[in-house]
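Engineer: Attaching a predicted model along with its sequence, questions to come.
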Amino acid sequence: MARLATTLGFVVTGCGAGVNGYRAGLAEGDRAYSAGRYREAAQAYERAALSTGAARDQDDARYRAAMACRRVGDRECAQRLLAPVAARGSAWDHGPRARLELASLGLESASPEQVVAAHRALATLIEDAPDTGPARGALRLRLRALDARDPAGAASVAWLESLARDPRIRRSILFESVLAERATRVAAAGDGAAAEAAWAEVIASVPYPQNSHWDDGHLALARLQRAGGRPREALATLSRMLSVREASWGNGSYAAPRFDDGAWLQAEILRDDLRDVSQAADAYHRVYAEHVTSLRRDDALWEEAALRRRSDPQAACRVWRTLAQEFPCRRFGARARAELVACDGGAPAGVGCARGG
């Protein structure tokens, strides 16, 4: 019994020493990396990897060491450290990330054979792990290389179409990115009808909010429809895009990054294509009222006032007053104060430009 207790004590002590050595190595590496001592950081991270028996921790430490080596331009060091992480086939993030970094290093090689192998590795990563972040990076790297070789984009489009037919890709989060990259290149080729069909597929294939290209797709499609002389179709497309906006539990709403661009385009179409002054003024007001994080809110009020003054000068004065009060330090806030001189009551007293206004 005493011998068993002694043996267990050695095991526990050994495990503790390993954990402590691993943590100490990571901490030392982090300090050196933050200070720009990348070679020293790589050495500390590698010591951390050697001090632990946990595969996940080894992968983490080796990946950090490899990134430190990359910072000093030591490709051989980075490749040596990344190779076992990539070969392990880890299901968690560092496995695919190591494969992406290795392929990226291969693309930088002067050896044509290594470049070809790197392209093959990127394609394999995309096919094997399409639901990972590194797969998106691999997609971008491969497309950058294909576009450089064929600026017309035909090679990229052909490859993207083959990916889109792959059942593994179609079931993954990468599918929408594949479709969006294809649509971008089809549109750049100048075939309006084909571009519309490509962006319509982006929108239809993945629902919101899973589709991170929901706003880009609708906006691109609406612009194509407008350019094709179909402004009402463009308005309908933009309305579908904005219909998914949800109110948040606090102020504002959950919105995709291009929602305010879509609302602004609606107002432009109503004003310039359909010549509907009243509806356009209302649409510009919605940009201000509904898109509370947009940098265009003051621009929208200015455009609204310019439209309202045609039929109702007092309504324009009210918009200028809001603009002067809420955006006193913006360009249109100052112009609104000047316009208010001719309005009943003049410019609002005490409203001026203060820092942060």
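Structural biologist: Happy to help now that I have it. Numbering: from 1, shown residues only.
Engineer: can I assume P84 sits in a helix?
Structural biologist: Yes. Counting by DSSP: H, G, I helix; E, B strand; the rest coil, P84 is located in a helix.
Engineer: start the count at 435, not 1, going forward
Structural biologist: Sure thing, new numbering starts at 435, so read that last one as P518.
Engineer: wait, doesn't it sit right on Y497?
Structural biologist: No. Assessed by C-beta atoms under 8 Å, P518 is found out of contact with Y497, at 10.3 Å. For the C-beta atoms, the positions are set from N, CA and C on the backbone; glycine is no exception.
Engineer: Skipping adjacent residues, who's closest to G567 in space?
Structural biologist: D527 (7.0 Å; C-beta to C-beta, 6 or more residues apart in numbering).
Engineer: what about the stretch 535-684 of the chain, any weak spots by pLDDT?
Structural biologist: 680-684 (pLDDT under 70).
Engineer: what ranges do the helices span in it?
Structural biologist: 546-562, 567-583, 588-598, 601-604, 609-622, 626-639, 648-661, 665-676 (DSSP state H, counting those that start in this stretch).
Engineer: what packs against the third one?
Structural biologist: For helix 588-598, the elements it packs on are helix 567-583, helix 609-622, judged by 3 or more C-beta pairs under 8 Å, 6 or more residues apart in numbering; DSSP states H and E.
Engineer: out of the ones you listed, deepest packed?
Structural biologist: Mean neighbour counts were taken over the helices and strands packed on helix 588-598 using mean count of other C-beta atoms under 10 Å, and the top value, a mean of 22, falls to helix 609-622.
Engineer: Can you tell me the closest non-neighbouring residue to G662?
Structural biologist: G626 (5.9 Å).
Engineer: Quick test: name the residue nearest the centre of the chain.
Structural biologist: What sits nearest the mean C-alpha location of the chain, by C-alpha atoms, centre = their mean, is S646, with 8.3 Å.
Engineer: And that one, how close does it get to R692?
Structural biologist: 11 Å (C-beta to C-beta, to the nearest Å).
Engineer: Please look at the residue nearest to G567 and A569 and confirm they touch.
Structural biologist: No. Counting by C-beta under 8 Å, D527 does not reach A569; the two are 11.1 Å apart.
Engineer: follow-up on the earlier one: and R505, which of the helices and strands packed on helix 588-598 is closest to it?
Structural biologist: helix 567-583 (18.0 Å; C-beta to C-beta).
Engineer: So which elements touch that closest one?
Structural biologist: Against helix 567-583 (3+ C-beta pairs under 8 Å, 6+ apart) you get helix 528-541, helix 546-562, helix 588-598, helix 609-622.
Engineer: Could I get the CA-only coordinates of it as CSV?
Structural biologist: The C-alpha coordinates for helix 567-583 follow below in CSV (Å, rounded to 0.1, in the frame of the first residue of the first chain):
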residue,chain,number,x,y,z
GLY,A,567,-12.5,29.2,-41.0
PRO,A,568,-9.3,28.1,-42.6
ALA,A,569,-11.3,26.8,-45.5
ARG,A,570,-12.5,30.3,-46.3
GLY,A,571,-8.8,31.5,-46.2
ALA,A,572,-7.9,28.7,-48.5
LEU,A,573,-10.6,29.7,-50.9
ARG,A,574,-9.4,33.3,-51.0
LEU,A,575,-5.7,32.2,-51.5
ARG,A,576,-6.5,29.9,-54.3
LEU,A,577,-8.7,32.4,-56.1
ARG,A,578,-6.1,35.1,-55.7
ALA,A,579,-3.6,32.8,-57.5
LEU,A,580,-6.1,31.8,-60.2
ASP,A,581,-7.1,35.4,-60.9
ALA,A,582,-3.5,36.4,-61.1
ARG,A,583,-2.9,33.8,-63.8
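Engineer: Can you tell me what sits against that helix?
Structural biologist: 527, 530-531, 533-534, 537-538, 541, 553, 556-557, 559-560, 563, 587, 589-590, 593-594, 606, 608, 611-612, 615, 619 (C-beta atoms under 8 Å, 6 or more residues apart in numbering).
Engineer: can you put the helices and strands packed on helix 588-598 in a markdown table and add distance to L704?
Structural biologist: Shown next, in a markdown table, are the helices and strands packed on helix 588-598 (distance: least, C-beta to C-beta, whole Å):
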| stretch | distance to L704 |
| --- | --- |
| helix 567-583 | 37 |
| helix 609-622 | 24 |
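Engineer: out of these, which comes closest to R743?
Structural biologist: helix 609-622 (37.8 Å).
Engineer: Off-centre distance for that closest one?
Structural biologist: 15 Å (C-alpha atoms, centre = their mean, to the nearest Å).
Engineer: Equivalent analysis for stretch 603-612, please.
Structural biologist: With C-alpha atoms, centre = their mean as the basis, the mean position of stretch 603-612 lies at 15 Å from the chain mean.
Engineer: picking up where we left off before, ok, now which ones touch the residue nearest to G567?
Structural biologist: 566-568.
Engineer: Whichever of the contacts of helix 567-583 end up buried, select them in ChimeraX.
Structural biologist: Buried members of the contacts of helix 567-583, defined by 16 or more other C-beta atoms under 10 Å, are picked up in ChimeraX with:
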select :530,531,533,534,537,538,541,553,556,557,559,560,563,587,589,590,593,594,606,608,611,612,615,619
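Engineer: ok, back up a step: could the helices of the stretch 535-684 of the chain be laid out in TSV, adding distance to E462?
Structural biologist: As requested, the helices of the stretch 535-684 of the chain are exported to TSV (distance: least, C-beta to C-beta, whole Å):
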stretch	distance to E462
helix 546-562	32
helix 567-583	27
helix 588-598	43
helix 601-604	41
helix 609-622	38
helix 626-639	47
helix 648-661	44
helix 665-676	51
